[in-house]
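Chemist: next comes the sequence, and after it the predicted model I'd like to discuss.
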Amino acid sequence: GAVVSQHPSWVICKSGTSVKIECRSLDFQATTMFWYRQFPKQSLMLMATSNEGSKATYEQGVEKDKFLINHASLTLSTLTVTSAHPEDSSFYICSASAPGLESSYEQYFGPGTRLTVT
Amino acid sequence: GENVEQHPSTLSVQEGDSAVIKCTYSDSASNYFPWYKQELGKRPQLIIDIRSNVGEKKDQRIAVTLNKTAKHFSLHITETQPEDSAVYFCAASKGNTGNQFYFGTGTSLTVIP
């Protein structure tokens, strides 16, 4: 149980274009989803927290107009990187949490999306 | 906000020896401390976690200790095996659903056969 998927697993896009990444909780309803970015050989940096039906809360230094997050349902959150540039190339990982699961403190991570901007 | 520091950044041990990774946190309200193992290009995998009402937790070869007063917690891996080689991250959270995780900087563990 508590499976989170991401799509796509990798994507290459040209500079200036936008790309959307989907995060789905497959067997539970996720009241809260989180988006992280991980550069090579670095830690996971929290970008934003999204709750179903409300606006995402962004961490300091993360541009909300560049990284658009939508959490329209209890099983789906999307991250859109707008006007992508090479410095946005990174590994993007989502996670989800929900009350009622065996360990409600835990976050369940997706497999990540490798974004390369050329 | 929370600040989590992790040491060492790299660690090499001989197979069969023990490995210890240490983390400190800054926010005394944090009460949930998970440890993750991450292989290259993969998602982080929870290996053990501890809540602030417990000082120590053990699961086979893996143990975690927590010192709330000093605001530090440690991961102990005994009888290391080559398959333990990976990057390990600690994290701190205020617990409850919907609370953010703040990760340490990671430790690259290499177990030498």
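Modeler: That came in fine, so what should we check first? Numbers count the residues shown, from 1 in each chain, chains lettered A, B, ... in the order given.
Chemist: any low-confidence regions in the chain?
Modeler: Let's take chain A. Scanning chain A for pLDDT under 70 picks out A:99-104.
Chemist: my bad, chain B
Modeler: Checking chain B against pLDDT under 70 turns up B:96-98.
Chemist: for chain A, what are the nearby residues on it?
Modeler: Residues of chain B lying close to chain A (C-beta under 8 Å from any C-beta of the partner chain) are B:1, B:32, B:34, B:41-46, B:49, B:51, B:89, B:93, B:95-106. Every C-beta, even on glycine, is put in place using the N, C-alpha and C of the backbone.
Chemist: pick out the residue of chain A closest to chain B.
Modeler: Closest contact between chain A and chain B, by C-beta to the nearest C-beta, is at A:Thr32 (3.9 Å).
Chemist: list the beta-bridge partners for that residue.
Modeler: A:Asn51, A:Ser97 (DSSP bridges).
Chemist: can I get the buried part of the residues of chain B next to chain A as one PyMOL selection?
Modeler: Buried residues among those (16 or more other C-beta atoms under 10 Å in any protein chain shown), as a PyMOL selection:
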select buried, chain B and resi 32+34+43+44+49+89+93+95+97+98+99+100+101+102+103+104+106
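Chemist: how about the residues of chain A by chain B?
Modeler: A:31-32, A:34, A:42-46, A:49, A:51, A:60, A:91, A:93, A:95, A:97-99, A:103-107, A:109-112, A:114.
Chemist: now the buried members of the residues you listed.
Modeler: Using 16+ other C-beta under 10 Å, the buried members of these are A:31-32, A:34, A:43-46, A:49, A:51, A:91, A:93, A:95, A:97-98, A:105-107, A:109-110, A:112.
Chemist: got a list of what A:Gln29 touches?
Modeler: Residues in contact with A:Gln29, defined by C-beta atoms under 8 Å, 6 or more residues apart in numbering or on different chains, are A:Leu74, A:Thr75, A:Ala98.
Chemist: sorry, back to before: in strands, which of the residues of chain A next to chain B appear?
Modeler: Among those, DSSP state E puts A:Thr32, A:Phe34, A:Met45, A:Leu46, A:Thr49, A:Asn51, A:Phe91, A:Ile93, A:Ser95, A:Ser97, A:Phe109, A:Arg114 in strands.
Chemist: chain neighbours aside, what residue packs nearest to the second one?
Modeler: Residue nearest to A:Phe34 in three dimensions, not counting chain neighbours: A:Ser95, with 4.7 Å by C-beta to C-beta, 6 or more residues apart in numbering or on different chains.
Chemist: in this structure the one you found contacts A:Gly110, no?
Modeler: Yes. Contact criterion C-beta atoms under 8 Å: A:Ser95 and A:Gly110 qualify, at 6.8 Å.
Chemist: joint contacts of the two?
Modeler: With C-beta under 8 Å, 6+ apart as the test, A:Ser95 and A:Gly110 both reach A:Val4.
Chemist: OK, contacts around residue 37?
Modeler: In the absence of a named chain, chain A is used. So, once contact is read as C-beta under 8 Å, 6+ apart, A:Arg37 ends up touching A:Leu44, A:Met45, A:Met47, A:Ser90, A:Phe91, A:Tyr92, A:Ile93.
Chemist: let's do chain B instead
Modeler: Counted by C-beta under 8 Å, 6+ apart, B:Lys37 has contacts B:Pro44, B:Gln45, B:Ile47, B:Ala86, B:Val87, B:Tyr88.
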